[in-house]
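Enquirer: Here is my input, please return the structure:
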Amino acid sequence: MSELRKAIRPLAGTILALTLFQGIAGWRLLNFETDIGHEHTAYLLTVLAIALPVVVIKSGIDDKSVRGNSFAVAGIVVIQLLVGLYLMGSYGWIHIPLAMMLTAHSFAVLISMRHAQ
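Expert: Below you'll find the predicted structure:
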């Protein structure tokens, strides 16, 4: 199980980096340029975020902070994807606070893994 334990921090770091990249790609969309990087990053981010709690549970970590934040990351990403796909016309503003929460929770997984046993 130690192999899965070693994968948690890189996975959370990748989610954090993709969230920041997605913000940059989304900011570029405000200039009305055609850019599909934002959408493709959202799909990749969704797959990685759903995999994060699976890896945390399978690794056998008992730290509730790591478990809770990993499930929060997965839930926020799914909500973020649904808002991006279906509600951007009327509730697009929710996209930005969700991205901030996603960044905070993925960073919390990184910090909590330093102290997890």
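Enquirer: switch to C-alpha atoms for all contacts and neighbour counts from now on
Expert: OK.
Enquirer: Using CSV, write down the CA coordinates of the helix or strand of the chain with the lowest mean pLDDT.
Expert: In the chain, no helix or strand scores lower on mean pLDDT, DSSP states H and E than helix 88-91, which sits at a mean of 82. The C-alpha coordinates for helix 88-91 follow below in CSV (Å, rounded to 0.1, in the frame of the first residue of the first chain):
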residue,chain,number,x,y,z
MET,A,88,-22.8,28.9,-17.5
GLY,A,89,-25.4,31.2,-19.0
SER,A,90,-27.1,32.1,-15.7
TYR,A,91,-24.9,30.9,-12.9
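Enquirer: C-terminal to it, what's the next element?
Expert: helix 95-115 (DSSP states H and E).
Enquirer: Which elements pack onto that following helix?
Expert: Secondary-structure packing of helix 95-115 (3 or more C-alpha pairs under 8 Å, 6 or more residues apart in numbering; DSSP states H and E): helix 2-29, helix 64-86.
Enquirer: Of all these, which one comes closest to residue 95?
Expert: Of all those, helix 64-86 sits nearest to residue 95, with 6.3 Å by C-alpha to C-alpha.
Enquirer: And the closest one, what's buried?
Expert: 65-67, 69-74, 76-78, 80-81, 83-84 (16 or more other C-alpha atoms under 10 Å).
Enquirer: Need the contact partners of stretch 93-113.
Expert: Outside of stretch 93-113, the residues within contact range by C-alpha atoms under 8 Å, 6 or more residues apart in numbering are 8-9, 12-13, 15-16, 19-20, 23, 65-66, 69-70, 72-73, 76-77, 80, 83-84.
Enquirer: Off-centre distance for that stretch?
Expert: Relative to its chain's centre, stretch 93-113 lies at 7 Å (C-alpha atoms, centre = their mean, to the nearest Å).
Enquirer: Show me the shaky parts of this protein.
Expert: Counting by pLDDT under 70, the chain has low-confidence residues at 1, 27-36, 117.
Enquirer: switch to 90 and redo it
Expert: The model of the chain has pLDDT under 90 over residues 1-6, 20-42, 60, 62-63, 84-85, 87-96, 114-117.
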